[in-house]
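Peer 1: Give me coordinates for this.
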Amino acid sequence: MRFAISTLGLPGASLSDAVEVAVRHGVDGLELRLHEDMPLEGDLQGIEVVALCGYVRIAKPGPDAPVIQALREQLALADEFGAMGVRVFPGGLAVDAALRRLSAVAGETRARVLIETHDHMATGAAVGDLLDRFGRPDAAGAIWDILHPWRNGEAPADTMTALAPHLAYVQIKDAVGTTPRPMGLGEVPLDVIGELLRGYPGWMSLEWEKAWHPEVEPLEEVIPGAQEWVRSVVRSG
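Peer 2: Okay, the predicted model is just below:
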């Protein structure tokens, strides 16, 4: 299991700033948010890029061409960074459109399309069903944001079962209502999720949503608690 942080927690920071935070705290990797406030230029200093976090909505109703073009551009960039893939949101329930779009880019790059449990497909069941239908684990996978499925009434064990064949990595967080809280100070059943993740070998990435909640603590203040939670999962495994 390896620990990463998302640059969503560092709004307005440069890539170099994010790398410095990662190096200072012994963080292994970065989720890089694709946003105009962070140009992706700078020395990674050995920090791995887990994924590029884009805002393509793979299942949004509408024409396919703009979605496919954005996916192609972002997947090519992910390949340049050596990232496992590009994070996308469902953005709707147009499953047939999502399948067409995934098929259009499948196999074009080493990087994969990674669908987060979010918005219209917030549960593992929904994302898992889409990926089961697609049937191309070499081209697409899932990101388990541990907050959204639970908040939408899905038991963590059911989320894990649905996503296990597709799981690329896990985004960790805690919250009270919609407000982010440091790990262990919110309502997310972290003890249950930790048990489920025993022995999980992949990335755990702290998604601290300071870009959306500027009032919360700086990312650097919450990294140590998240690292300790990840270590506790590793120790219990």
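Peer 1: Break down this structure into its helices, ranges please.
Peer 2: Ranges of helices in the chain, per DSSP state H, are 15-24, 64-81, 95-105, 124-134, 147-151, 156-163, 190-196, 219-236.
Peer 1: quick one: buried residues of stretch 174-188?
Peer 2: 174-175, 180-183, 186, 188 (16 or more other Cβ atoms under 10 Å). Quick note: C-beta positions are derived from backbone N, CA and C, even for glycine.
Peer 1: Stretch 81-101 now?
Peer 2: For stretch 81-101, burial by neighbour count (16+ other Cβ under 10 Å) applies to 81, 83-92, 94-95, 97-99, 101.
Peer 1: Quick one: low-confidence residue ranges for the chain.
Peer 2: Low-confidence segments of the chain (pLDDT under 70): 236-237.
Peer 1: at 90 what do you get?
Peer 2: Residue ranges of the chain with pLDDT under 90: 1, 36-39, 199, 234-237.
Peer 1: Please identify the residue most distant from the middle of the chain.
Peer 2: Among residues of the chain, the one most distant from the C-alpha centroid is residue 63; the distance is 25.4 Å, by Cα atoms, centre = their mean.
Peer 1: roughly how far apart are it and residue 6?
Peer 2: Taking Cβ to Cβ, to the nearest Å as the measure, residue 63 and residue 6 are separated by 30 Å.
Peer 1: likewise residue 74?
Peer 2: To residue 6, residue 74 is 16 Å away according to Cβ to Cβ.
Peer 1: again, but for residue 24
Peer 2: Taking Cβ to Cβ as the measure, residue 24 falls 16 Å from residue 6.
Peer 1: Who has more neighbours out of those two?
Peer 2: Using other Cβ atoms under 10 Å, the more surrounded residue of residue 24 and residue 6 is residue 6, with 26 against 10.
Peer 1: That one contacts residue 206, correct?
Peer 2: Yes: counting by Cβ atoms under 8 Å, residue 206 is a contact partner of residue 6 at 6.6 Å.
Peer 1: what is in contact with those two at once?
Peer 2: Common neighbours of residue 6 and residue 206, using Cβ atoms under 8 Å, 6 or more residues apart in numbering, are residue 171.
Peer 1: Now the lengthiest strand in the chain: buried residues?
Peer 2: Longest strand in the chain by number of residues, with DSSP state E as the criterion: strand 48-57. For strand 48-57, a neighbour-count test (16+ other Cβ under 10 Å) marks 48-54, 56-57 as buried.
Peer 1: Can you lay out those residues as JSON lines showing distance to residue 108?
Peer 2: Listed next are these as JSON lines, based on distance: Cβ to Cβ, whole Å:
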{"residue": "48", "distance to residue 108": "22"}
{"residue": "49", "distance to residue 108": "19"}
{"residue": "50", "distance to residue 108": "20"}
{"residue": "51", "distance to residue 108": "17"}
{"residue": "52", "distance to residue 108": "15"}
{"residue": "53", "distance to residue 108": "20"}
{"residue": "54", "distance to residue 108": "16"}
{"residue": "56", "distance to residue 108": "15"}
{"residue": "57", "distance to residue 108": "20"}
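Peer 1: Please report how far the closest residue to residue 174 other than its chain neighbours lies from residue 98.
Peer 2: The shortest distance from residue 174 to any non-neighbouring residue, by Cβ to Cβ, 6 or more residues apart in numbering, is to residue 186 (3.4 Å). Note on residue 186: its distance to residue 98, by Cβ to Cβ, is 31 Å.
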